[in-house]
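Participant: A structural model of the following input is requested.
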Amino acid sequence: MSEQNVTIIYCKMCRWMMRAHWMSQELLTTFSEELDEVTLRQGTGGIFDIYANGTLIFSRKEMGRFPEITELKQLVRDHIAPDKSLGHSDKKSD
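Facilitator: Numbering: from 1, shown residues only. Have a look, this model is predicted:
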């Protein structure tokens with residue numbers, strides 16, 4: 001099985017490092033068995049992009065907002081562990 005990773009690129013000028021760090025901690029806790037690493041990378045220009053295994057899964061600029069943590073966990077789960085239950089924070093089936 002290949003390595004599973006998430007990369008969060010955040011704007012250092014906007015001082016979003018703490019938000020990126022908190023999200024990485026949440027992801028590593030939730031996906032302790034599935035994720036090999038979460039990488040934080042500095043950027044500029046208001047960037048806050050999140051990649052799972054190299055695929056962009058969330059962009060603050062495209063969405064006009066930051067992800068909610070439950071939303072982010074669902075996006076990461078869908079890319080790295082589609083069969084994993086997220087318990088009470090899981091999205092409901094229609």
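Participant: low-confidence ranges, this protein, go.
Facilitator: Low-confidence regions of the chain, defined by pLDDT under 70, span residues 1, 89, 91-94.
Participant: please repeat the previous calculation with a cut-off of 50.
Facilitator: Applying pLDDT under 50 to the chain flags residues 93-94.
Participant: mind listing what's buried along the longest helix anywhere in the chain?
Facilitator: For the chain, the helix that runs over the most residues, judged by DSSP state H, is helix 17-30. Burial within helix 17-30, assessed by neighbour count using 16 or more other Cβ atoms under 10 Å, is assigned to 20, 23, 24, 26, 27, 30. From N, CA and C alone the C-beta is placed, and that goes for glycine too.
Participant: check stretch 60-71 too.
Facilitator: By neighbour count with 16+ other Cβ under 10 Å, stretch 60-71 contains the buried residues 60, 67.
Participant: now do the helices in the chain.
Facilitator: For the chain, helices defined by DSSP H occupy the ranges 17-30, 60-63, 69-80.
Participant: that older thread, next, the angle helix 69-80 makes with the longest helix of the chain.
Facilitator: Following axes from the mean of the first three to the mean of the last three Cα atoms, to 10 degrees, one obtains 60 degrees for the angle between helix 17-30 and helix 69-80.
Participant: does the spatially closest residue to residue 24 that is not a sequence neighbour have beta-bridge partners, and which?
Facilitator: Nearest-residue entry for residue 24: residue 38, 4.1 Å, with adjacent residues in sequence omitted and distances by Cβ to Cβ, 6 or more residues apart in numbering. In this structure, residue 38 bridges to residue 6 when assessed by DSSP bridges.
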